[in-house]
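In: Predicted model and sequence follow; I will ask about them next.
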Amino acid sequence: MRVSPVLLSLLIAAAPAAAQAPAQMPKAPPGSPDTARIVAGNYAIEPNHTQVMFALDHLGFSVFRGFFSGVSGTLSLNPARVTDAKLSVTVPIASIFTTSPALNKELVEPDWFDAAQFPTATFVSTKITPGPNNMALIDGNLTLHGQTHPATIQARFHGAGKSMMGKGTAIGFDGRLALSRSSYGLGKGVPLVSDHVELTIAAAFEQQ
């Protein structure tokens, strides 16, 4: 049988996509908020599905939001001894993104975050206190703009299950953290733009 050149070209072009496609997609989400699915081990942040969003009041008219991406970090977790868990997170300041391209450039300059001198923000846990309803308080030290202060993340277990991107278990958490930006030397614009900032965190981890 003779194959037309057009059909042959289409088959060649489709081959890479077919090779990358999963053999079979699951019929239900592999993750579940069932704590029995949590597997003890060491985990690394999956940056493509982890976001750190910030929100603050702008001129008393609206809540202004933006977010950071490219987050990295590690989590050591044993569900039988949650209080022994260890969390370390690093956020690249240059990844900051808002709805204003001009503001994105301004925020990394010396008048604001000064990303050239302080390229990352970090959070390192010092104590974890489990609570009801899959909640926990994560006390730690937040370093931002070259200054370090105690901070607490209110964390909620979101789900765990077999990873679709790795070989082990995937696990996810939602978190909230409040801070006063002036405490970190970032008080420009206060009080027109609020000193109080709320961080909302969506964290995805892959077992290592």
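Out: On my side now, so go ahead. Residues are numbered from 1 along each chain as shown.
In: So what's the residue count around P191?
Out: Using other CB atoms under 10 Å, the number of residues around P191 comes to 12. C-beta coordinates here come from the backbone N, C-alpha and C atoms, glycine included.
In: quick one: it from R181, how far?
Out: Per CB to CB, to the nearest Å, P191 is found 12 Å from R181.
In: right, and the helix or strand after the helix or strand of the chain with the lowest mean pLDDT?
Out: In the chain, no helix or strand scores lower on mean pLDDT, DSSP states H and E than helix 5-20, which sits at a mean of 46. Going down the chain from helix 5-20, the next helix or strand is strand 41-45, by DSSP states H and E.
In: Report the rounded mean pLDDT for that next one.
Out: The average of the pLDDT scores along strand 41-45 is 98.
In: Over to stretch 130-147?
Out: 97.
In: Find the nearest non-adjacent residue to S180, please.
Out: Excluding the flanking residues, the one nearest S180 by CB to CB, 6 or more residues apart in numbering is D195, at 5.0 Å.
In: cool, and G140?
Out: In space, and not counting its chain neighbours, G140 is closest to S125: 4.1 Å by CB to CB, 6+ apart.
In: which helices and strands sit right next to the helix or strand harbouring the one you found?
Out: S125 belongs to strand 120-130 when assigned by DSSP H and E. Packing contacts for strand 120-130, counted by 3 or more CB pairs under 8 Å, 6 or more residues apart in numbering; DSSP states H and E, involve strand 86-92, strand 135-144.
In: among these, which is the most enclosed?
Out: Mean neighbour count (mean count of other CB atoms under 10 Å) peaks for strand 86-92 among these, with a mean of 19.
In: name the helices or strands packed onto that strand?
Out: Applying 3+ CB pairs under 8 Å, 6+ apart, we find strand 86-92 packed against strand 72-77, strand 120-130.
In: Can you check which of these gets nearest to V91?
Out: strand 120-130 (4.5 Å; CB to CB).
In: Describe which strands the closest one pairs with in its sheet and in which direction.
Out: Using DSSP bridges, the strands paired with strand 120-130 are strand 86-92 (antiparallel), strand 135-144 (antiparallel).
In: Contacts for the longest one next, please.
Out: Same thing as strand 135-144. The contact list for strand 135-144, computed with CB atoms under 8 Å, 6 or more residues apart in numbering, reads 82, 87, 118, 121-131, 148-157, 175, 177, 179, 184, 186.
In: how far out from the middle of the chain is that strand?
Out: Mean-position distance between strand 135-144 and its chain equals 14 Å (CA atoms, centre = their mean, to the nearest Å).
In: and the helix or strand following that strand, which residues are buried?
Out: Next helix or strand after strand 135-144 toward the C-terminus (DSSP H and E): strand 147-162. Within strand 147-162, the residues that count as buried by 16 or more other CB atoms under 10 Å are 151-153, 155, 157-161.
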